[in-house]
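> The following comprises the amino acid sequence and a computationally predicted model.
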Amino acid sequence: MTELSRRAAALRALHRPGDPLILPNAWDPGSARAVVVAGFPAVATSSAAVAEALGHADGEATPVAEMFAAVGRIAAAVPVPVTADLERGYGLRPAELVERLLAAGAVGANIEDSDPRTGRLYDAAEQAELLAGIRAAARAAGVDLVLNARVDVHLRAHGPAEERLAEAVRRAHRYQAAGADSVYPILLADPAQVREFVAQVDAPVNVLARPGAPAPAELAALGVARISYGSGVYAAVRARAAELLATVRAGGDPFGS
């Protein structure tokens, strides 16, 4: 486990408020290698992108063995730390989740706090118990994996709009106390609210890069420590492939200028 521990420590050290870790999420070994060749120091997977690349829908529709096999192929293809988007854990108990994750060669995990199938938000105490279990299992296995706790309050439009930030902060505090290394209020994009969230949470904050969200430089200035692209890069690649195929179908040259 020595190499995995080294990679986990390296990944954790890359979470620097104001100098964020940029993660253009990968979906297979080729895209993971491209991320590294482009100069990024770590690779993150996107559950949605991996699922679609494997022929499944997002929302934990991918069989567990297929998802972890895909993560394993990605981790084996690159010399940098890999963190895996594991939705809400595919129903695995913490010990088995950690065992499968480490066997795949990944040293980080993204765990969300809503049901991937129904969108229902889990009670914060129940989610904290899951995160604490994963943290304990990782320590028992000898690798202090990097645990990114996703907060889905804004994704699921939970409660009145004026109360969502406070609820996201409350959940972030619970998850950090349970052992999360970083917190991920997905879809939080308003700069003032991002700043307030960062100020109230004593943990590295992850923000999703997407249309309408602040640019990475602005997020860095707001104190963000990690920026994920989710399935965005995969979607852009698929869109470009569709354009090329349409050109071929029309009898054109897809490689022309």
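Looks like it came in fine.
> what number of residues lie near Pro94?
Residues within reach of Pro94, counting by other CB atoms under 10 Å, total 20. C-beta here means a position set from N, CA and C on the backbone, and glycine is covered the same way.
> Tally up the residues packed near the residue nearest to it when sequence neighbours are not counted, please.
Spatial nearest neighbour of Pro94, chain neighbours left out: Gly133 (3.5 Å); criterion: CB to CB, 6 or more residues apart in numbering. Residues within reach of Gly133, counting by other CB under 10 Å, total 18.
> how much space between Gly133 and Ile111?
Applying CB to CB, to the nearest Å, the value for Gly133 to Ile111 is 11 Å.
> swap in Pro29?
Separation of Pro29 from Ile111 (CB to CB): 24 Å.
> Also Asn25?
Separation of Asn25 from Ile111 (CB to CB) stands at 15 Å.
> okay, these two: which has more neighbours?
With neighbours defined as other CB under 10 Å, Asn25 and Ile111 compare such that Asn25 has more, 26 against 22.
> contacting residues around that one?
By CB atoms under 8 Å, 6 or more residues apart in numbering, the contact list for Asn25 reads Ala44, Thr45, Ser46, Ala49, Asp85, Ser228, Tyr229, Gly230, Ser231, Gly232, Val233, Tyr234.
> list the helices and strands whichever helix or strand the residue nearest to Pro94 is part of packs on?
Assigned by DSSP states H and E, Gly133 belongs to helix 124-141. Secondary structure elements in contact with helix 124-141, counted by 3 or more CB pairs under 8 Å, 6 or more residues apart in numbering; DSSP states H and E, are helix 94-104, strand 108-112, strand 146-151, helix 164-177.
> What residues of that helix count as buried?
Ala124, Gln127, Ala128, Leu130, Leu131, Ala132, Gly133, Ile134, Arg135, Ala137, Ala138, Ala141 (16 or more other CB atoms under 10 Å).
> what does it rub up against?
1, 88-89, 93-95, 97-99, 102, 109, 111, 113, 144-145, 147, 149, 170-171, 174-175, 177-180.
> Stretch 159-172 too?
Residues contacting stretch 159-172 (CB under 8 Å, 6+ apart): 113, 124, 127, 149, 151, 153-154, 157-158, 183, 185, 188, 193, 196-197, 200-201, 203.
> hey, where'd the helices end up in this protein?
Ranges of helices in the chain, per DSSP state H, are 2-13, 29-37, 47-53, 64-77, 94-104, 124-141, 164-177, 191-200, 216-221, 232-249.
> of all the ones you listed, which lies closest to Phe255?
When the helices of the chain are compared by CB to CB, helix 232-249 sits nearest Phe255, at 8.5 Å.
> How about residues contacting that closest one?
Residues from elsewhere that reach helix 232-249 (CB under 8 Å, 6+ apart): 24-27, 31, 46, 48-49, 52-53, 209-210, 253-254.
> Identify each buried residue in it, please.
Buried, per 16+ other CB under 10 Å, within helix 232-249: Gly232, Val233, Tyr234.
> how about low-confidence regions in the stretch 151-257 of the chain?
Along the stretch 151-257 of the chain, segments meeting pLDDT under 70 span 257.
> What are the buried residues along stretch 195-212?
Glu196, Phe197, Val198, Val201, Ala203, Pro204, Val205, Asn206, Val207, Leu208, Ala209.
> From those residues, which land in strands?
The members of these that map onto strands under DSSP state E are Asn206, Val207, Leu208.
> Please convert those to JSON lines, extending it with distance to Ala65.
Formatted as JSON lines, those follow (distance: CB to CB, whole Å):
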{"residue": "Asn206", "distance to Ala65": "28"}
{"residue": "Val207", "distance to Ala65": "32"}
{"residue": "Leu208", "distance to Ala65": "28"}
